[in-house]
Each structure stands twice: as structure tokens, then as C-alpha cells.
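Novice: fold the stuff below for me.
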Amino acid sequence: MAAASGKIVQNVFVSQCYQQNENTQSQGGRDYYFSPFPRNSLPSPLGKLAWAAPSMQLQLRTLFKPHSHFSIQTNFHCNASASATAVPYLDKTSFLKLQNGSDIRGVAVDGVEGEPVNITEPVAEAIGAAFAAWLREKKKADASQHLRVSIGHDSRISAKLLQNAISRGLAGAGLEVVQYGLASTPAMFNSTLTKDEAFLCPADGSIMITASHLPFNRNGFKFFTNAGGLGKADIKDILEQAADIYSQFTAESLSNSERKASLSIKEVDYMIVYTSDLVKVVRKAAGNIEKPLEGFHIVVDAGNGAGGFFAAKVLEPLGAITSGSQFLEPDGLFPNHIPNPEDKTAMKAITKAVLDNKSDLGIIFDTDVDRSAAVDSTGREFNRNRLIALMAAIVLEEHPGTTIVTDSVTSDGLTSFIEKKLGGRHHRFKRGYKNVIDEAIRLNSISEESHLAIETSGHGALKENHWLDDGAYLMVKTLNKLAAARASGKDGGSKVLTDLIDGLEEPAVAVELRLKINQNHPDLKGGSFREYGEAVLKQLENSVGSDPSLQKAPVNYEGIRVSGYGGWFLLRLSLHDPVLPLNIEAPSNDDAVKLGLTVLAAVKEFAGIDTSALNKFVGAP
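Specialist: Numbers count the residues shown, from 1 in each chain. Predicted coordinates:
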């Protein structure tokens, strides 16, 4: 029945050249083409591709002017098929460098100076095989048991290349592979929960190919089971296994894996299921009205990522007008702005769209739709602390007194708003969306009720949504408020949302400065940047303790957080990079400078720290 309905195309494996976004090639005067290298070299219909022997690299010639946030060369390259040449040697350390917390990230496309490709076809294939082994162990499945993995990707130009490579690794290990094509990260997790054999669900495991908002040349992988996203230890285990598998690759084995994959890979349009579920949530909140958003004008900015579906597949079926929505078409070069709700240029773009179109609301997503933000009809942004305040207000109406878990850089004004205005509890934890989510789950396990875990970056997860960080679902919660207000006769447009954060105290000055650690500086004496950073934090803690005008936070899970001069600062060590991020919030620039000078006095003796950003902020030479 499923096959007859056209939902599933059986036994599909794409191993030829393709052109990403072929329908958008003429937009904006751009002339670019991309085709990941094939297992069998096929001629390009556009005549723009050339093999660059002897390195066997497929060359993409680009004739457009890149935006300033990309420093790129005139040619992009993808590594050639490993079956065409010897597999380059890589040790386990090289694989472990791909770990980025609970994700895998690296460089997938050549063309950016100083950033060599480290996620190649063979590397991705090895990661797929390693995930298969990890999943079998997790599910306690022997080789005879049937396991299924779903794979989706965002709009990046290396997406299909990596989708096919990781599919070969999975299929070669005996797993059934279901490719979703363009999808969102939340949808991929959802596929492990959905029970619908017509869409080959549930999947035992799921992989999203994405590098969030990072530049066009990057890519990576996120992994899920029905228990949620994998943790750091899981990713390390997979990468170690991948290194071992990679070391056994030969041209013959890679060729065999391709043949095996061609027999076991299917395609499904799972986004039909995911978007339908979002629509049902809003209708239910409005009392099962078919078009509860009828008459609302809502514009969407997808940043040329994977979120363009939200306008036509979610808002329009609910009755909303979406004219003026922008950058909905997938374009992995992100020509308009970085798809990132924290980016000022991106927020200016959606704000302008709202004001120009006189819309009731604007919604913006990051590349893979696990983060989002909004703008009301007056151009007021709901991102960072305001987004947390808005979601906290909505959740605390439904669950009075619940604990809201956030990351470490949220403001004191937000704490006051959650606890004094809304009657909830604010639990400030560590940076990292997985850290925040896991902490909320832990609190519930010890009988402290928590229904929302959310980062200032826009990652937000709700208990009711299986603790999935889902940018689309966060926006659905705001739409629920609009729909419910209209259904009850209290239609006030986006003012309904703006009123929810009335009373939120916001600082006059809020900055984040990055103090880089020079890992090659003699001051480190051969030690790790982490050890050096911890020594800096200890020095700051000691200096603060002797200043009566400053008060160290009594409970703090990350770095050193200090209040004083009407504001606060937090100096912490980055989760992954040799950087000490410094956040400062204060009621005036003078007060912010005083806090900055406190930090500078404590760290200036550490010669391995680049304090130039802080020096500039406080006006020091």
C-alpha cells in the first residue's frame, strides 16, 4: 500500500553527480554549480565540472562574489572516491579531532585557505559502519536481527555526498537504510518515535547531516535513538571504532560496500509526517479549529537552510498568510545571511521583513531547525534572554512553579523575571544544549519538576516533546498562544506574546569577549590549554574574594560568575576551544568597564592569554 501511494521508493541509491538547488541557479545573478564526485564519473549537464588529475579531485568553479563572512578561494574541491585511489592514512587522533561535544563536525569541502578536508567519503563511510556497530551493541542485537537507520541532511553542498557515503557504511554492516533527503534535525529524532510502517518508522537509530550555522565548507553528524541524542562518551566511542574500521579499508572493500548498499537503501518523504504533527498541535490548542491562524500574517526566514517547509507545510495549512517570507529555498552557500538566530545580520533581516510586510509575527530558523527566534509586529526581537522569558512564561502558565533550566550566561534580570514575576525557579547550568537538557532530565529524576530546558543560543527542549531541542516546536508553542487567544475572543496579534514578557529587566550593556589561549606560548610549558585556563579562573576567583564590592555567585556550575557595580560577569573555559569567553552585563557602559577591569587585573599576568579584545573594551593600551 505504501509503495502504491508513492510515499516510498524502494531500493534507491544515488551514486551519481547531482546539482544542489538546481532550480535556484539563476537567482540573484549567481552562476555556481556543485556536484559531489561520483563513484562512476558522469558528465555534468552544465559543462562546468572538471577532474583535476592527478589528485582526482572534482573541481567546482564558482562565478559568484562571496559574502564577507566567507574567506574562500575561487575553486572548491571534494575528495575523490576512495575506490579510485589508495585510502589516505589517518590515525585515531585524526578521528577524535572530529568530535564537537555530542556532535561530529569537520571540513567537507575544499576551498577555504587553511582548512583542509577532514570529512571525506571513506571517513563518513567508516563513521556509518561504526554507528551500526554501536547501535547493535546498544540494542543488544545480533547480526541476524533487523535494524533500521534513517538519514537526513540540511542544505549544505556536501550533504548528498556524505549521505551516500555514510549510507554505504551502514548498509555494509547489514542495516536497513532509509534516506529522507532534505530534513530537519528534530524530524530525524522524531523518526525514532513515530510508529508508521508506511513511512518505515520507527527507526532504531537516526543520523542528521549538518554543521548547524557554520560556514558552507563544514559539515558533520548528529545521532539519535528513541532515548534522545547521543552523549559525548557515545560519540568518542563511535569515532574510535570508526578509526579502526577505516584502517581496514581497501579499494576492493569500498567497491563491495557500494554494491551492497545499492540493494538495501530506500527513500521516504518523512517530513510529511513531521509537519502534519506540528499542524495538529496548533489545531488542538485552538479547540480543533481547522484554520486557527486565519488572517494572521506571519513571515518566515529560513536563511536558505532546511526550514523553508515551515511556511507552506505548517503555517499555510493553519490559515496564515506567509507572503514576504524569505530565503526559503535551500542554498548551501548561504548567500543572504548566516542562518543563526544569534547573528545580528540575520535578526535584522527578519525584522526588516516583518516591518516591510506589516506582519503580525516573524519567525527565523537556523540551518537544521533545532534553533529559532521570533520578531513581533513592532520589530521587537524574541531571542536570547527574551526568547527564554517568553517560553518560560508559556510553560509556567501550563505548569505553575516548575523549574526552568538554562545555560550559564543568562542574565540576572531573567532570574528575577522567572522567580519573582512568574513564580517559577531558575536553575542556571552549564553551556551546551545537551548539558542543559540532561540537567533538566536529572532534576525530574530526583523529583524536581522541570518542563523546559533552553539555551540563550535558541536551543530549547520541552518535557512534553520528549526533551528534543526543536526550533519548530518552540515556534509552535508561540503559535498556540496566538491561536488560543483568537479562539477565546482576545485576538491582539503578536501583542499577546509581547505582553507575556512585560517586566523583564534587560541590561543596558551586554557583551561577550573571547580571550584566546595561545597553545604554543612558552607560558603553557607544554601543558594543555584546559589546565592553563583553569589556572586563570583560579587566579580570578582568588582576586574577587578580596574585593568587598564584588560577590561570587554562591551556586555556579561553570567558570567564575561575579556580581558587582549593578551588573555581573562570567568568565568560563570554552567547552571545546582554547578560549575563555567573558560575558559582561551592566546598567551602564561605565559599570561594564569596571567589571572588565576587574577581570583584566586578574588575568594580565598570564602571558599566554590574548587580552586584546578586553583591552579594547576597557580602553586599556
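
Novice: and for the one helix or strand Tyr246 maps to, what's in contact with it?
Specialist: Assigned by DSSP states H and E, Tyr246 belongs to helix 232-247. Around helix 232-247, the neighbours that count as contacts under Cβ atoms under 8 Å, 6 or more residues apart in numbering are 87, 90-92, 94-96, 98-99, 101-104, 122-123, 126-127, 129-131, 133-134, 169, 223, 230, 434. In this view, the C-beta of every residue, glycine as well, is placed from N, C-alpha and C.

Novice: got it, and stretch 416-425?
Specialist: So stretch 416-425 is contacted by 389, 392-393, 396, 400-404, 426, 501, 503-505 (Cβ under 8 Å, 6+ apart).

Novice: now the end-to-end length of that stretch.
Specialist: Using Cα to Cα, to the nearest Å, the end-to-end distance of stretch 416-425 comes to 9 Å.

Novice: how far away from the center of its chain is it?
Specialist: Offset of stretch 416-425 from its chain centre (Cα atoms, centre = their mean, to the nearest Å): 28 Å.

Novice: quick one: buried residues of that stretch?
Specialist: Neighbour-count burial for stretch 416-425, counted by 16 or more other Cβ atoms under 10 Å, picks out 417-418, 421-422, 424-425.

Novice: what does stretch 194-204 give?
Specialist: Residues 194, 199-204 are the ones in stretch 194-204 that count as buried (16+ other Cβ under 10 Å).

Novice: residue contacts, His459?
Specialist: Each residue near His459 by Cβ under 8 Å, 6+ apart is listed here: 370-371, 433, 436, 469.

Novice: would you mind giving those residues as a markdown table with secondary structure added?
Specialist: Output for these, formatted as a markdown table (DSSP: H, G, I helix; E, B strand; the rest coil):
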| residue | secondary structure |
| --- | --- |
| Asp370 | coil |
| Arg371 | strand |
| Tyr433 | helix |
| Val436 | helix |
| Asp469 | strand |
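
Novice: of the residues you listed, which is the nearest to Gln539?
Specialist: Nearest to Gln539 out of these is Val436 (Cβ to Cβ; 28.0 Å).

Novice: for the closest residue in space to that closest one that isn't next to it in sequence, what are phi and psi?
Specialist: In space, Val436 comes closest to Ala453 once its chain neighbours are excluded; the distance is 4.6 Å by Cβ to Cβ, 6 or more residues apart in numbering. Note on Ala453: its backbone torsions stand at phi -130, psi 120 [degrees, to the nearest 10].

Novice: near Ala453, how many other residues are there?
Specialist: 29 (other Cβ atoms under 10 Å).

Novice: against Phe224, how distant is it?
Specialist: Using Cβ to Cβ, to the nearest Å, Ala453 is found at 17 Å from Phe224.

Novice: with Val593 instead?
Specialist: Distance from Val593 to Phe224, by Cβ to Cβ: 45 Å.

Novice: among the two, which residue is more densely surrounded?
Specialist: Phe224 (24 against 19).

Novice: list the contacts of the strand or helix carrying the more buried one.
Specialist: Phe224 belongs to strand 218-225 when assigned by DSSP H and E. With contacts defined as Cβ under 8 Å, 6+ apart, strand 218-225 is touched by 98, 100, 102-109, 119, 124, 127, 131, 135, 138, 156, 158-159, 162, 166, 185, 188-189, 192, 204-211, 229-230, 234-235, 238, 368.

Novice: one more pass at 6 Å, please.
Specialist: 103-105, 107-108, 156, 158, 162, 185, 189, 192, 205-209, 211, 230 (Cβ atoms under 6 Å, 6 or more residues apart in numbering).

Novice: confirm that Tyr532 sits in a strand.
Specialist: No: applying three-state DSSP, one finds Tyr532 to be helix, outside a strand.

Novice: is it true that it touches Lys525?
Specialist: No: using Cβ atoms under 6 Å, Tyr532 is not in contact with Lys525; the gap is 8.8 Å.

Novice: and those two? Which one has more around it.
Specialist: Under the criterion of other Cβ under 10 Å, the comparison of Tyr532 against Lys525 puts Tyr532 first, with 22 against 9.

Novice: can you report how many residues lie near the nearest residue to that one once chain neighbours are set aside?
Specialist: Spatially, and ignoring its direct neighbours in sequence, Tyr532 is nearest to Leu524 (5.1 Å; Cβ to Cβ, 6+ apart). Neighbours of Leu524 under the rule other Cβ under 10 Å: 19.

Novice: spit out the contact partners of the nearest residue to Arg136 once chain neighbours are set aside.
Specialist: Closest residue in space to Arg136, ignoring its immediate chain neighbours: Leu147 at 6.7 Å, by Cβ to Cβ, 6+ apart. The neighbours of Leu147, taking Cβ under 6 Å, 6+ apart as the test, are 141, 175, 204.

Novice: now Gly493
Specialist: 360, 377.

Novice: again with the one 3 residues further on
Specialist: Val496 makes contact with 481, 485 under the criterion Cβ under 6 Å, 6+ apart.

Novice: isn't there a helix covering it?
Specialist: Yes: assigned with three-state DSSP, Val496 falls within a helix.

Novice: what pLDDT does the model give it?
Specialist: Per-residue confidence at Val496 stands at 94 (pLDDT).

Novice: repeat for Glu342
Specialist: With respect to pLDDT, Glu342 has a value of 92.

Novice: from Asn385, how far off is it?
Specialist: Counting by Cβ to Cβ, the gap from Glu342 to Asn385 is 12 Å.

Novice: so these two - more neighbours on which side?
Specialist: More neighbours surround Asn385 than the other of Glu342 and Asn385, with 23 against 17 (other Cβ under 10 Å).

Novice: could you verify that that one is part of a helix?
Specialist: Yes: under three-state DSSP, Asn385 falls within a helix.

Novice: could you give the number of residues near Val112?
Specialist: A count of nearby residues for Val112, using other Cβ under 10 Å, gives 18.

Novice: now swap in Ile446 and tell me
Specialist: 6.

Novice: Gln539 now?
Specialist: 16.
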